[in-house]
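1. The following block contains a protein sequence and its predicted model.
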Amino acid sequence: QDIESLQGMTEMWEKRTPPSVLDLEQLVPEGSAQAPSPPALSASAGLGLKDTHKVWSLAESARVFLESIRKFHDDRPGAVGTAIFDKDDNLAVDFVAAASNLRAANFGLALQSWFDIKGMAGNIIHAIATTNAIISGLIVIEAVKVLSGNMSRARDTYCVQYPTSMRKMLVPVQPAPPNPKCYVCSKANVVVELDTTSFTLGTLVDKVVKRAMGVNVPMLFTDSGFLYDEGAEEKSEICTNVRNRAKVLVDLPGGGLKDNVQVSVNDDSQEFECTITLKHSTDFDREQLLPEAFRLKGEIPTASTEPADTTATKEDANDTVTSVDDDVEILEEENAEQSTKKRKRADDDKEDDIVIL
């Protein structure tokens with residue numbers, strides 16, 4: 001009826017070919033229907049159409065369309081009227097692919113394969129011979145060097161947008177030395193300043209440990225017996241975690257997480273170990289919304305034997321990172337060579353290096 005209604009709008013088709021009506025009895029003659037396929041198979045697989053790159057004929061599209069409707073009614077009755085398209089659901093892709101091809105035939109458009117329709121409907125950009133595949137290959141190459149103990153040949157490789165003067169798209173460089181202040185790859189002690197009387201455990205885990213420190217599945221524990229493990233599988237442990245997340249730090253079991261308490265943080269999925277020292281503080285700027293404001297400080301490295309840079313500020317030495325709810329860390333750096341110039345730049349004219357981790 002929809003196509004017939006469109007055909008009646010003659011003014012729309014003065015310069016275009018009008019749509020045509022498909023006859024289901026001609027596409028799928030009576031008696032040509034195939035026996036129902038097992039529930040485990042999708043509609044197209046049950047009809048023997050297993051080549052996802054082959055473009056179905058109109059008859060095949062009609063058969064898949066009818067079979068996918070039957071399978072939804074018989075195998076998934078609860079999903080009828082409520083199903084949401086999922087590119088990983090082959091039955092849903094079958095229905096969309098068959099319906100799309102039948103609709104395309106109505107308007108004289110080219111038919112597409114199951115694979116192409118899945119990519120268009122699921123908004124998939126196939127990562128074949130693209131940057132994702134290139135970088136994945138480079139990661140595997142470096143992993144082989146690490147596993148074989150050949151760390152001297154390890155490289156950081158940049159995939160540049162435009163070829164270099166040497167006509168290279170991949171630029172390998174020597175990896176930077178370990179950062180002694182990094183609380184991820186070193187044994188540095190991390191100091192977190194926060195209000196222990198208003199900061200909840202849930203905020204500490206989500207905003208500090210997960211977001212600011214990049215831990216995936218943290219386990220927090222203290223020598224006094226406090227334990228929080230997101231990888232716990234026992235129902236009793238999960239219920240305890242849920243109850244404790246809503247409590248402020250000073251009210252937690254084991255005497256609470258108070259000033260100068262050290263908290264061990266582990267994550268087996270990342271082979272991550274770290275120790276957090278909590279410092280109670282309410283000295284935050286007004287624009288930082290309490291009670292979720294905190295300061296995260298890494299361990300200060302051993303002083304260098306070289307002459308100190310006179311342009312460095314006291315804040316630079318402390319290397320303090322103030323964070324409320326932000327994934328961007330701003331590190332201010334001054335070039336020592338520029339400090340010898342006669343004209344000094346104004347403090348508010350310094351260039352910032354924005355490092356997104």
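-> It's in.

2. can you pull out the strands in the chain?
-> 156-159, 170-173, 189-194, 219-221, 227-229, 262-267, 272-280, 294-297, 320-323, 328-332, 352-356 (DSSP state E).

3. So which bits of the longest one are buried?
-> Judged by neighbour count (16 or more other CB atoms under 10 Å), strand 272-280 contains these buried residues: 272, 274, 276, 277, 278, 279, 280. No exception for glycine: its C-beta is placed from N, CA and C like everyone else's.

4. Thought residue 213 was touching the second one, still the case?
-> By that I understand residue 274. Yes. Assessed by CB atoms under 8 Å, residue 274 is found in contact with residue 213 at 7.2 Å.

5. returning to that earlier point: make TSV out of the strands of the chain and add distance to residue 6.
-> Shown next, in TSV, are these (distance: least, CB to CB, whole Å):
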stretch	distance to residue 6
strand 156-159	49
strand 170-173	53
strand 189-194	65
strand 219-221	62
strand 227-229	61
strand 262-267	59
strand 272-280	61
strand 294-297	62
strand 320-323	58
strand 328-332	52
strand 352-356	51
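
6. To residue 241, which of these lies closest?
-> Closest to residue 241 of these is strand 227-229 (CB to CB; 5.9 Å).

7. chain center to that closest one, what's the gap?
-> 25 Å (CA atoms, centre = their mean, to the nearest Å).

8. Mean confidence (pLDDT) on that strand, please.
-> Per-residue pLDDT over strand 227-229 has a mean of 89.

9. Just give the strands next to that strand in its sheet, each with its orientation.
-> Here strand 227-229 has these sheet partners by DSSP bridges: strand 219-221 (antiparallel).

10. Contacts for the partner strand next, please.
-> 205, 209, 226-231, 263-268 (CB atoms under 8 Å, 6 or more residues apart in numbering).

11. Now which of those would you call buried?
-> The buried subset of the contacts of strand 219-221 - by 16+ other CB under 10 Å - is 205, 209, 226, 228, 229, 230, 263, 265, 266, 267.

12. For residue 250, which non-adjacent residue is closest in space?
-> residue 256 (4.2 Å; CB to CB, 6 or more residues apart in numbering).

13. which ones are touching the one you found?
-> The contact partners of residue 256, by CB under 8 Å, 6+ apart, come to 196, 249, 250.

14. Could you check the pLDDT of the first one?
-> The reference is to residue 196. Note on residue 196: pLDDT of 89.
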